[in-house]
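Peer 1: My questions concern the predicted model and sequence given below.
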Amino acid sequence: MKVLILGATGFIGLPAAQALVRAGHMVYGLSRSEAKAKMLAAEEIIPIIGDVESDVWIPLISTLDVIIETVGGDVGGTPDLAKIGNETYERVAKAVPQLRTADAPLLSYIYTSGTWVHGESRTEIVTDTTPISHPAGYIDWRPETEQLVARSAIVNGIVVRPALLYGRSGSIFARLFRAASEGRVVWPGTPGGRYAVIHTDDLADLYVRVAEQAQSLGGKIFDAATPVTESVDDLLAKLVVVSKAKGPYEYKKPETLLQEAITTTTLLRPYLANALLGWSTKKPGVVDGLETYYAAWLASR
């Protein structure tokens, strides 16, 4: 396959690009800087220098099999990312009839959302196919973009919703690890919370499987998470020990929409990727592997 990854140098995009290369595919990666483009080239990813709002990558649409959009997927969302997400899809949809022959297969377009769209759910279990009714405020625009992609008649639209990411340089957990390294474990939330989580390597494996079988997956929305949520209390208590911070850990009141989103408990039991693709997570969970993940974050600083 020929695959273009938008956001190829990010926490989601780079592992996905590396995994696709290892699987034998030709992978293009969009990069905004010469330095990061050089890093992509060293990983056998063909660099395209420019940002997602530029036209530099648009001509590739004529021969691509798959586009994976991961722009902003690491963090969640902002009004600017909401605008970018919709506009990126719309630019692809406009270019497809202009650049692809009438008899070409539908271009597969994989949009990266996030499981925060399920919102707070401390009493009811949700799955990939649970209707969305109360997304976290930080990403409350994502369900609309999901449907724009999944219901497209112009591209073969698919949505992947990563849960809270862990591993490597930490993603959002980097904020927590930084606080611990400075001596105190203080984190937004309240006792009794639970996180839906996914290791970046397991997520990359899912992108490979979705991309390779994309032609039979149009309209599907996949929650990407471990089968069991993790206790935030257990995580913070163990981090005090692992980081040698001064205990006990503390919760604080959220001060921003992002911090409010971080407090989200979603009792998520994903099933669709396992049922359709045979996908399952392999990495140790956050709490079980915390020593390794904290050490990896320290080494990445």
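Peer 2: Nice, I can see it.

Peer 1: low pLDDT regions in the stretch 1-150 of the chain?
Peer 2: Counting by pLDDT under 70, the ranges of the stretch 1-150 of the chain that qualify are 72-79.

Peer 1: residue ranges of the strands in it, please?
Peer 2: In the stretch 1-150 of the chain, the segments counted as strands under DSSP state E, counting those that start in this stretch are 2-6, 26-31, 46-49, 66-69, 108-112, 121-126.

Peer 1: do the stretch 201-301 of the chain as well
Peer 2: 221-224, 230-231, 246-252, 266-268.

Peer 1: Give me the buried positions along the lengthiest helix in the chain.
Peer 2: If each helix of the chain is counted by residues according to DSSP state H, the longest one is helix 79-99. Applying a neighbour-count criterion of 16 or more other Cβ atoms under 10 Å, one finds L81, A82, I84, G85, T88, Y89, R91, V92, A93, A95, V96, L99 buried in helix 79-99. For every residue, glycine as well, the C-beta is placed using N, CA and C.

Peer 1: what's the answer for stretch 188-197, then?
Peer 2: By neighbour count, with 16+ other Cβ under 10 Å as the criterion, the buried positions of stretch 188-197 are P188, G189, G193, R194, Y195, A196, V197.

Peer 1: With stretch 235-245 instead?
Peer 2: Taking 16+ other Cβ under 10 Å as the criterion, stretch 235-245 shows L235, L236, A237, K238, L239, V240, V242, S243, A245 as buried.

Peer 1: Please tell me how far T9 sits from G29.
Peer 2: 7 Å (Cβ to Cβ, to the nearest Å).

Peer 1: who touches both of these two?
Peer 2: Taking Cβ atoms under 8 Å, 6 or more residues apart in numbering as the contact criterion, the residues that touch both T9 and G29 are L40.

Peer 1: Between the two, point out the one with more neighbours.
Peer 2: Counted by other Cβ atoms under 10 Å, T9 and G29 do not tie: G29 has more neighbours, with 31 against 21.

Peer 1: Just put the buried residues of stretch 235-245 in JSON lines and tack on pLDDT and distance to L203.
Peer 2: Rendered in JSON lines, the data for the buried residues of stretch 235-245 read as follows (pLDDT from 0 to 100; distance: Cβ to Cβ, whole Å):
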{"residue": "L235", "pLDDT": "98", "distance to L203": "19"}
{"residue": "L236", "pLDDT": "98", "distance to L203": "23"}
{"residue": "A237", "pLDDT": "98", "distance to L203": "26"}
{"residue": "K238", "pLDDT": "98", "distance to L203": "23"}
{"residue": "L239", "pLDDT": "98", "distance to L203": "22"}
{"residue": "V240", "pLDDT": "98", "distance to L203": "28"}
{"residue": "V242", "pLDDT": "98", "distance to L203": "23"}
{"residue": "S243", "pLDDT": "97", "distance to L203": "25"}
{"residue": "A245", "pLDDT": "97", "distance to L203": "28"}
